[in-house]
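Student: give me the fold of what follows.
(chains A and B)
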Protein chains: 2
Amino acid sequence: MKVGGKSCRSIWFDDDTMTVKIIDQRWLPHEFRIVELDRRAVFATAIRDMWVRGAPLIGATAAYGIAVQMAHDPSDRSLDETWKILHQTRPTAINLRWALDEMKTLLRPVPEAGRAAAAFQRAAEICDQDVECNRLIGCHGLEIIRKIAAGKKRGEPTRILTHCNAGWLATVDWGTATSPIYHAQAAGIPLHIWVDETRPRNQGAQLTAWEMAEQRIPHQLIVDNAGGHLMQQGEVDMVIVGTDRTTAQGDVCNKIGTYLKALAAKDNNIPFYVALPSPTIDWTLGDGIREIPIEHRDEAEVTGVWGKRDDGSLARVQICPEGCRAANPAFDITPARLITGLITERGVCAASPEGLAGLFPERVITER
Amino acid sequence: MKVGGKSCRSIWFDDDTMTVKIIDQRWLPHEFRIVELDRRAVFATAIRDMWVRGAPLIGATAAYGIAVQMAHDPSDRSLDETWKILHQTRPTAINLRWALDEMKTLLRPVPEAGRAAAAFQRAAEICDQDVECNRLIGCHGLEIIRKIAAGKKRGEPTRILTHCNAGWLATVDWGTATSPIYHAQAAGIPLHIWVDETRPRNQGAQLTAWEMAEQRIPHQLIVDNAGGHLMQQGEVDMVIVGTDRTTAQGDVCNKIGTYLKALAAKDNNIPFYVALPSPTIDWTLGDGIREIPIEHRDEAEVTGVWGKRDDGSLARVQICPEGCRAANPAFDITPARLITGLITERGVCAASPEGLAGLFPERVITER
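Tutor: Residues are numbered from 1 along each chain as shown, chains lettered A, B, ... in the order given. Next up is the predicted model:
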């Protein structure tokens, strides 16, 4: 999507420098920094410390991480080690494991001399597949927005609430939750996006608001507490969020707080959609609340907030008393019963075993 | 309650200096500052700019504001003007109007020469009544906590989630939502408090966490997004919140985000209680969602966060792109159907017209 009016992806192979480049998202929206990832340890840091984040982008980055390591040491041992090192960086995102498995399965039978080339090629394919997948999600989601927009007076915006950043910055391009929004913009549908700030890391305020501004889509930032009130007052037409992992029965694991918005949407009869590329589906799991391990992150994310001071410098401020302890679960589970539909690259389905199996019959695991 | 181990109220008349003093809560938890309120304009600023906040404390402050003005100019015109000026400071809190009406009704028949003395006496009574009222709320709420604690293994804490600050800092002493907690502590019941940070102004992180720390009650700060997950995981035994205004049918207007926690509590069969002194009840209103006007506050509260830097200085950081617009509704409505019970100074009742009328039969307005 657009940065300063020019098209950009979140990760790319730079043919001039022959290196992998990413947007270091830690500095957004205050600074737009591009960094080179040149060795395995840097890839691991980039994923763990969230220079890149978002399930699909984590997968793509891990794929390139293996490729870069194969150029350095294409041995089996190196491949296995890299799988392990990168897999440990983030425990929740299913795409990470998917991409790592994909690379390992592909590379294992390839002679060592050919592994780097094969790996770079496959990593590029994974990126392109992600872009295409998200484009299709956007096409299917557009039809939902179109129907809602058709019920409005001419010129009245369709008001969409989104949580966290399931934008193009969380993928390689288009985004998942944002892809229907970008497609609706392209189709000339007036929009107004409610952007949840998404504490503790404020990915909504930092990334989604930035994406919307760069793309010139009307939007307003709100605190995570505000969505329920806006829904009560009839100010929200639909909700679209992304997901880090979806179970075979349609339970959705997404950024902490998603569940609260789903409850409010249900209570106010507002359609609640989850946009997901199919690699995000974990076909081995059923009950999300019982079966998905939830990452607990550093207390400092809760006790402090990063941002820009008046003088332009970036700073962290502590918002609570010295020594205050915090709990920081990073995700929650939105049960399938609260979800109006899942928007996938193959179309929209109910959040149910039947719904998912209908779109992806070949992937269903019959015995768990 | 305790500050540095010593008992303190949030507002008091200092007999030594013959002035009204408050804790300037804008600096908490980083600095503990006491300021003197010496003239009407300062009282208005203190309420409007939230040096003091919380419905009962706003009422007490307004009462003292009239008293201080009466000492300066006890005329009818001065009384009427002061009512208007102070009433305009915060639109939502019902206690503000209650306290102002109380003072005006009392003072109008008093000769000018006696107004200041009568006003100071009544303001002190309003404070003492608030303290007693909150103490009673604590006694009734304690019985609820006692029952929940009885179902736990010896030594296991009762885990209570609270939103915003309905603590002693929001009242004159004890607090509303915190009074049952402080009474449970005194009764030797092990507790663990989940403190919602409560964006945008972070009163949970700044004030409730500070109160808990000063009172030495175990607690953890969480982002507003986290409560639903904790409830899903069985980590919350009950919720207690305060309220800025409650309708005659039991709908509760409280800090933005309360509604989301009530939905999650309902979805997980967790008792959700609202603690309220009866002046907070607006007997003229029925349907809270349709009838209570919601204050919209400055966008800057959403686009930035205040806190303390590593060097000890206080700073605001901007969390979103330059020029990002925000919406900032300050309250939402929790419908009565989501509320397990209302804890009042006269006991606990259902959040319903019958429940409230049962406890306060003399206050019911039969024709609206």
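Student: pull up the gap between residue A:41 and residue A:68, please.
Tutor: Residue A:41 sits 10 Å away from residue A:68, going by CB to CB, to the nearest Å. Heads up, the C-betas are built off the backbone N, CA and C, glycines and all.
Student: who has more neighbours out of those two?
Tutor: residue A:68 (22 against 12; other CB atoms under 10 Å in any protein chain shown).
Student: buried residues in the helix or strand where residue A:142 lies?
Tutor: For residue A:142, the enclosing helix or strand under DSSP states H and E is helix A:112-150. For helix A:112-150, the neighbour count (16 or more other CB atoms under 10 Å in any protein chain shown) marks A:115-116, A:118-120, A:122-124, A:126-127, A:129-131, A:133-134, A:136-138, A:140-142, A:144-145, A:148-149 as buried.
Student: for residue A:160, give me phi and psi.
Tutor: phi -120, psi 130 (degrees, to the nearest 10).
Student: so who does it touch?
Tutor: By CB atoms under 8 Å, 6 or more residues apart in numbering or on different chains, the residues touching residue A:160 are A:145, A:181, A:191-194, A:236-240.
Student: surely residue A:153 is within a helix?
Tutor: No: assessed with DSSP: H, G, I helix; E, B strand; the rest coil, residue A:153 is coil; it does not lie in a helix.
Student: show me the helices in the stretch 201-350 of chain A, by range?
Tutor: Here the stretch 201-350 of chain A has its helices, by DSSP state H, counting those that start in this stretch, at A:203, A:209-215, A:227-232, A:258-267, A:288-291, A:300-303.
Student: may I have the fifth one as CSV, with CA atoms only?
Tutor: Spelled out, it's helix A:288-291. Provided in CSV are the C-alpha atoms of helix A:288-291 (Å, rounded to 0.1, in the frame of the first residue of the first chain):
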residue,chain,number,x,y,z
GLY,A,288,-9.8,-22.1,21.5
ILE,A,289,-10.3,-21.1,25.1
ARG,A,290,-9.0,-24.4,26.4
GLU,A,291,-6.4,-25.3,23.8
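Student: quick one: that helix near chain B?
Tutor: Yes: using CB under 8 Å from any CB of the partner chain, helix A:288-291 reaches chain B at residue A:289.
Student: so what touches that helix?
Tutor: Residues contacting helix A:288-291 (CB under 8 Å, 6+ apart): A:245-247, A:249, A:251-253, A:285, A:333-335, B:232-233.
Student: try 7 Å this time
Tutor: With CB atoms under 7 Å, 6 or more residues apart in numbering or on different chains as the contact definition, helix A:288-291 has outside contacts at A:247, A:251-253, A:285, A:333, A:335, B:232.
Student: can you check the third one too?
Tutor: The list of residues contacting helix A:227-232 from outside it, by CB under 7 Å, 6+ apart, reads A:161, A:194, A:196, A:236, A:261, A:264-265, A:268, A:270, B:256, B:259-260, B:289, B:294, B:329, B:332-333.
Student: re earlier: could you list which of the contacts of residue A:160 also contact chain B?
Tutor: By CB under 7 Å from any CB of the partner chain, no member of those lies near chain B.
Student: hmm, back to that, just the buried ones among the contacts of helix A:227-232, please.
Tutor: Counted by 16+ other CB under 10 Å, those give A:161, A:194, A:196, A:236, A:261, A:264-265, A:270, B:256, B:259-260, B:289, B:294, B:329, B:332-333 as buried.
Student: can you classify residue A:84 by secondary structure?
Tutor: Residue A:84 ends up helix, using three-state DSSP.
Student: neighbours around it, how many?
Tutor: 10.
Student: and it, what pLDDT?
Tutor: Residue A:84 carries a pLDDT value of 97.
Student: ok, it - contacts?
Tutor: Neighbours of residue A:84 in contact, by CB under 7 Å, 6+ apart: none.
Student: swap the cut-off to 10 Å and go again
Tutor: residue A:100 (CB atoms under 10 Å, 6 or more residues apart in numbering or on different chains).
Student: in the stretch 151-300 of chain A, which spans are strands?
Tutor: In the stretch 151-300 of chain A, the segments counted as strands under DSSP state E, counting those that start in this stretch are A:158-162, A:191-196, A:219-222, A:238-241, A:245-247, A:252-255, A:272-275, A:281-282.
Student: CA atoms of the first one as PDB?
Tutor: Provided in PDB are the C-alpha atoms of strand A:158-162 (Å, rounded to 0.1, in the frame of the first residue of the first chain):
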ATOM      1  CA  THR A 158     -19.900   3.000   6.300                       C
ATOM      2  CA  ARG A 159     -18.400   3.000   9.800                       C
ATOM      3  CA  ILE A 160     -16.100   0.100  10.400                       C
ATOM      4  CA  LEU A 161     -14.400  -0.600  13.800                       C
ATOM      5  CA  THR A 162     -11.100  -2.400  13.800                       C
END
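Student: count of neighbours near residue A:48?
Tutor: There are 13 residues near residue A:48, going by other CB under 10 Å.
Student: kindly reformat the contacts of residue A:160 as TSV and extend each row with pLDDT.
Tutor: Converted to TSV, the contacts of residue A:160 look like this (pLDDT from 0 to 100):
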residue	pLDDT
A:145	98
A:181	98
A:191	98
A:192	98
A:193	98
A:194	98
A:236	98
A:237	98
A:238	98
A:239	98
A:240	98
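Student: so what's the most centrally placed residue in chain A closest to, chain neighbours aside?
Tutor: For chain A, residue A:54 is the residue whose C-alpha lies nearest the centre (CA atoms, centre = their mean; 3.4 Å). Leaving aside its sequence neighbours, residue A:54 sits nearest to residue A:170 (CB to CB, 6 or more residues apart in numbering or on different chains; 2.3 Å).
Student: could you do residue A:325 as well?
Tutor: residue B:220 (5.1 Å).
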